[in-house]
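Student: how would this look folded up:
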Amino acid sequence: MGEVQDVRDAKRSFVAPAIKSFEHYDFSRAKICCSLRWLVSKAYGTDSIPAELKDPFYTDQYEQEHLKPPLASLLLSADLYCRAGSLILKSDAAKPLLGHDAVIQALAQRGLYITDQERLVTERDLRKRPLQM
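Tutor: From the prediction side, this is the model:
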């Protein structure tokens, strides 16, 4: 019996991407992609991710990969961080998180500090263009 017995089972099935050889695997891209997908799934819920955010990258006519503009806008505006942070820290937050600084402060209150190469990340860093991944 190869049929799907339940609609919920059909939702959970997916096509696995082709496996790349170790020499051609881009670890930095994979780390960024996983982090973005985790953030989006936390912000929207696994079953409610908007179609334009399911894959964080697109390839242009020159075969160069770029972050999709809607996702970049959400990161710069702090919307994704606020949504995910409010859901994850819901037991601690009396009101929803609004802005990069609120997310940074809420995490710091729990002993979690955002760093980049041993330096604390600031609101200014998270609003900088181009995005620093």
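Student: Let me see the contact set for residue 56.
Tutor: When the contact criterion is Cβ atoms under 8 Å, 6 or more residues apart in numbering, the partners of residue 56 are 32-33, 36-37, 40, 67-68, 71. Quick note: C-beta positions are derived from backbone N, CA and C, even for glycine.
Student: Would you mind pulling up the elements that the longest helix seen in the chain packs against?
Tutor: Counting residues, the longest helix in the chain under DSSP state H turns out to be helix 27-44. Secondary-structure packing of helix 27-44 (3 or more Cβ pairs under 8 Å, 6 or more residues apart in numbering; DSSP states H and E): helix 79-88.
Student: picking up where we left off before, report the buried members of the contacts of residue 56.
Tutor: Neighbour counting by 16 or more other Cβ atoms under 10 Å classes 32-33, 36, 40, 67-68, 71 among these as buried.
Student: how about the strands in the protein?
Tutor: Along the chain, counting by DSSP state E, strands occupy 57-59, 65-67, 115-116, 119-120.
Student: which of those strands is buried the deepest?
Tutor: Across the strands of the chain, the average number of neighbours (mean count of other Cβ atoms under 10 Å) peaks for strand 65-67, which reaches a mean of 13.
Student: So for that one, mean pLDDT?
Tutor: Here strand 65-67 scores 89 as its mean pLDDT.
Student: name the helices or strands packed onto that strand?
Tutor: So strand 65-67, by 3+ Cβ pairs under 8 Å, 6+ apart, packs with strand 57-59.
Student: for the protein, what are the low-confidence residue spans?
Tutor: Under the criterion pLDDT under 70, the flagged ranges of the chain are 1-17, 91-94.
Student: residue closest to the middle of it?
Tutor: Central residue of the chain (Cα atoms, centre = their mean): residue 36, 2.4 Å from the mean position.
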